[in-house]
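1. Here is a sequence with its predicted model. Questions after.
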Amino acid sequence: MELTASYRFDVPPATLWPLLVDPAVVASCLPGCEALEPVGPDAYRAVLTVGIAAVTGRYEGTVTLADQRPPHAYRLVVTGKGRAGFVNGEASLDLQEDGGGTRLGVQGRAEVGGTIARVGQRLLGSASKMMMDGFFECLRKRTETG
Amino acid sequence: MATRLFGSGIRRREDPRLITGSATYTDDLALPGMVHAAMLRSPHAHATVGAINISRAQAAPGVLAVYTGKDTREGLQPMPCAWLVPDADLKVATYPCIATDTVRYVGDIVAVVVAEDCYQAYDALDLIDVEYDALPSVTNPAEAARAGAPQLHADVDKNQAFHWAVSGGDVDAAFKDAEVVVKERIVQQRLIPNAMEPRAAVAQYNQASGDLTLWNTTQNPHILRFLNSVVTGVPEDRARVIAPEVGGGFGSKIPVYPGEFITVFCAKQLGRPVKWNETRSENYQATTHGRDHVQEVELAAKKDGTITGLRCTVWAGMGAYLSTAAPGIPTILHGLMLPACYGIPAVKEDVYGVYTNTTPVEAYRGAGRPEATFMVERMVDRLAGEIGMDPADVRKKNLIAAFDDGHDTVTGLTYDSGDYPTALEKLLSHADYTALRTEQATARTSGRHIGLGLSTYVEMCGLGPSQVAGAIGFQGGLWESAIVRVHPTGKVHVFIGTSPHGQGEETTFAQIVADEIGVGADDVKVIHGDTDTTPMGWGTYGSRTTAVGGAALAKAARKVRDKAKVIAAHLLEAAVEDMEFVDGKYSVKGSPDKAKSLADVALMANVAWNMPADVEAGLEASTFYDPPNFTFPFGAHLAVVEVDPATGQVDLKRYVAIDDCGPQINPVIVEGQVHGGVVQGIGQALWEHAIYDDSGQLVTGSLLDYALPRAARLPEIEVLSTVTPSPHHPLGVKGIGEAGTIASTVAVYNAVMDALSPLGVEAIDMPFTPERVWRAIQQATKGH
């Protein structure tokens, strides 16, 4: 499954960047995120509850922020598994200066297995997009309040 | 005058219990102390298995045991493949009941949990931690056969499970001299059988006596008892296998599966009865699938429509392992049928059986013959289009003329009897084919796309002579047996070796016996499915239950009749030669009032107060019947469709089936079999498709995503017949279980392509979903 999206922020990359790599911010903005604990440099153990189609699952896995080029880009690598199956994915985040704000591009791909693949596959793309929209909307609010 | 029951459409005696919910299926069993098993299945299509941590699962509430492949390696031998097709370089890869080092499809078992109740068992599955290291996977058989494809089994080069070839006649000459050659690449998509009842097993093992009882959703309990002895080590004399009510199989309950053997293993270990009942989701992943061929077909002909040769290459997906009977299906049951009802004089086929990272493939209603019929019937329509001849006329030109005692094919079969032209004529006249063609032409002038699709077929069923079974590598016999036992009151028990699971033989077999010995159908009870009470038999599949089991039964009943005649003669103080069996009575010739009923004879035979000299007490007979040949039912089907080119929607407007299964024991049951079979074939053409994604995940893994036929989307199916008896069957009957499926898929396919022919569409991969049809139309009409 491939995912492409882009988001506009009113703050420049240098302001946005610290929020994007702050585990507390990520944990509070990621829908269904129950825990995000550091387990190494730029690596976290994550616990996530996600419902897709008729399948609600709790996934445990790792999130790694690789290839960081502050404040322009990093690669998010996620592996998770739970009773509803497994997810392996990665996404490249690209932050571009855009008239005083930021244009953030996301390009990702994910591989899923287990029950979510069998039952929820058709809804997976739109569900992932919805989660991502939720995440960046939350982040945008942080930039306004912060 | 007694009414003959053979040929009467009496109601199925099975139905009251089935429709009132009072039948007992495997999952309905509850034994004292019974515990429940659940299987942990691989979520990966292909991966090496690392450490498996079961400690959390072992500590979970209610859990009695957790076993992995290491624990079962000693107690469970690898799964057997029982159709070892010869001269095919067959490579049977090791198929462990529980995977140890590598998983090869989504659904491969990696562990089993046994708990006090099934919810505890399923909950504990989540607590098992398995380390997988994912490997590249491949799901398409043609791709898996290519160099560089991911390899499933270290000892199987190029994933090639076998390469089987059949040829007859001079194919090279046929193509060299051909005036017309038509070619097509056909994809027989993968299908999921969808028996209404998923699979289940209950195993009860007495650790003191070593006796096992295994209840299982099987189409062939005797074969299961035999193979169970191989896998679990419980000897045949210690094992009793019972197929209670079985809710359909369509071939998916022929094979033996790891699930039932693991259940036996758990019962042996724990000394408590163990039940395992798969979920529908497991059924989709791990109960065998059907079809999955990629076919390249060429037909050679003359310009006048005479078919001269057929040449094809088939890549048959076998799944990750060879299921019990799998190798025989795309070979023996497929390639030998390619001369079809035309007696094609030159045929050559190469079949490559290919391992892929998918659920194992087995028989699915028709098993090999729908795929063969499709190839031939599709090419006949292509030929008709190429030479500008009506498809009906091409068929008329090529059909074998009527014969009643044998027609030899170039693939070595001898069709028993047939009258193919009459079936086609009856179809064309009943449907008023000429008027339909006129209607089609008129509709086209107003931009409506109506299509007509024909399918004339012959199939082989009634499997089959045991000597042939041996020659084609079937690791068993194919005879059948029956016992007819008459009790003192004239009531009859019939014990059969086959194992009906929805087809209605409790009714039709009673009809056979009733006529043969002179009782009412209600006086006969048919007992099947229990290896402790029924005689050995090889099961219900390949439309063989009536064709072979019914023959055994007729012969056993005739032995009872012969003995009854001897006893009746004695009681009437007449000579046996002077006795006759008329209107269900045993009477003296010319003196119908001097007669004995079966009940009179049965009472005397059982009390034995006054028996003829040298005649044993009792009124009972058994038979082992090994058929001299297969039976070859045939027929002609027509589908009428209308396609909306704006949406791609296919509307099946009419379906007419003419089938000839010989004399019909119960025409209502025959009609039901044709309905069901036709609909399953239509399902393949229009809706059904088991889809794997690029990483080998089954994405049509539930009834939400896999489209089954629904009554509302089907026309009334018009069922007619012709009657051509089999010359070698004691009752002349042939078999009707699979005929509908064999004929209908390609009839619908041909109809849709006929509808689209003015638009220039030449081929669409099944199923004909609106999206596929619409895209094909857009593609073909681009730039017009």
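-> Alright, I've got the coordinates. Please read these numbers as outputs of a predicted model, since none were measured by experiment.

2. and the longest helix for chain A?
-> Identified as the longest helix of chain A according to DSSP state H is helix A:121-145.

3. meant to ask about chain B
-> helix B:550-571.

4. State the mean pLDDT of the next helix or strand after that helix.
-> Heading C-terminal from helix B:550-571, the first helix or strand you meet, by DSSP states H and E, is strand B:579-582. For strand B:579-582, the mean per-residue pLDDT is 96.

5. which residues touch the helix or strand following strand B:579-582?
-> Downstream of strand B:579-582, the next assigned helix or strand under DSSP H and E is strand B:585-588. Strand B:585-588 is contacted from outside by B:2, B:518, B:564-565, B:568-569, B:572, B:574, B:578-581, B:592-598, B:601, using Cβ atoms under 8 Å, 6 or more residues apart in numbering or on different chains. For the C-beta atoms, the positions are set from N, CA and C on the backbone; glycine is no exception.

6. Show me what secondary structure element comes after strand B:585-588.
-> strand B:591-596.

7. Now do the same for that next one: mean pLDDT, whole number.
-> 94.

8. Can you name every helix or strand that the very next helix or strand once past it contacts?
-> Next along the chain after strand B:591-596, taking DSSP H and E as the criterion, comes helix B:598-607. Counting contacts by 3 or more Cβ pairs under 8 Å, 6 or more residues apart in numbering or on different chains; DSSP states H and E, helix B:598-607 is packed against strand B:480-486, helix B:550-571.

9. got the angle between whichever helix or strand comes after the first one and helix B:550-571?
-> Downstream of strand B:480-486, the first helix or strand assigned by DSSP H and E is strand B:492-496. In terms of direction (axes from the mean of the first three to the mean of the last three Cα atoms, to 10 degrees), strand B:492-496 departs from helix B:550-571 by 150 degrees.

10. okay, the angle between strand B:492-496 and strand B:480-486?
-> Using the same axes, to 10 degrees: strand B:492-496 against strand B:480-486 is 170 degrees.

11. State the mean pLDDT of the longest helix of chain A.
-> 86.

12. Repeat that for stretch B:131-142.
-> For stretch B:131-142, the mean per-residue pLDDT is 96.

13. Buried ones in it, by neighbour count?
-> Of the residues in stretch B:131-142, B:132, B:134-135, B:137-142 count as buried by neighbour count, 16 or more other Cβ atoms under 10 Å in any protein chain shown.

14. Quickly name whichever of these is closest to residue B:283.
-> residue B:139 (18.9 Å; Cβ to Cβ).

15. my read: that closest one touches residue B:354, true?
-> No. At 10.5 Å, residue B:139 and residue B:354 do not qualify as touching, with contact defined as Cβ atoms under 8 Å.

16. rewinding a little: I'd like to know which of the helices and strands packed on helix B:598-607 lies nearest to chain A.
-> Minimum separation from chain A across those (Cβ to the nearest Cβ) falls at strand B:480-486, 39.5 Å.

17. So in that sheet, which strands flank the closest one, and in what orientation?
-> Strand B:480-486 pairs in its sheet with strand B:492-496 (antiparallel), strand B:620-625 (antiparallel), by DSSP bridges.

18. Now do that strand and helix B:598-607, the angle between them.
-> 90 degrees.

19. Identify the residues contacting strand B:480-486?
-> Outside strand B:480-486, the residues that reach it (Cβ under 8 Å, 6+ apart) are B:492-498, B:513, B:517, B:534-538, B:544, B:548-549, B:551-553, B:555-557, B:559-560, B:564, B:598, B:602, B:605-606, B:619-625.
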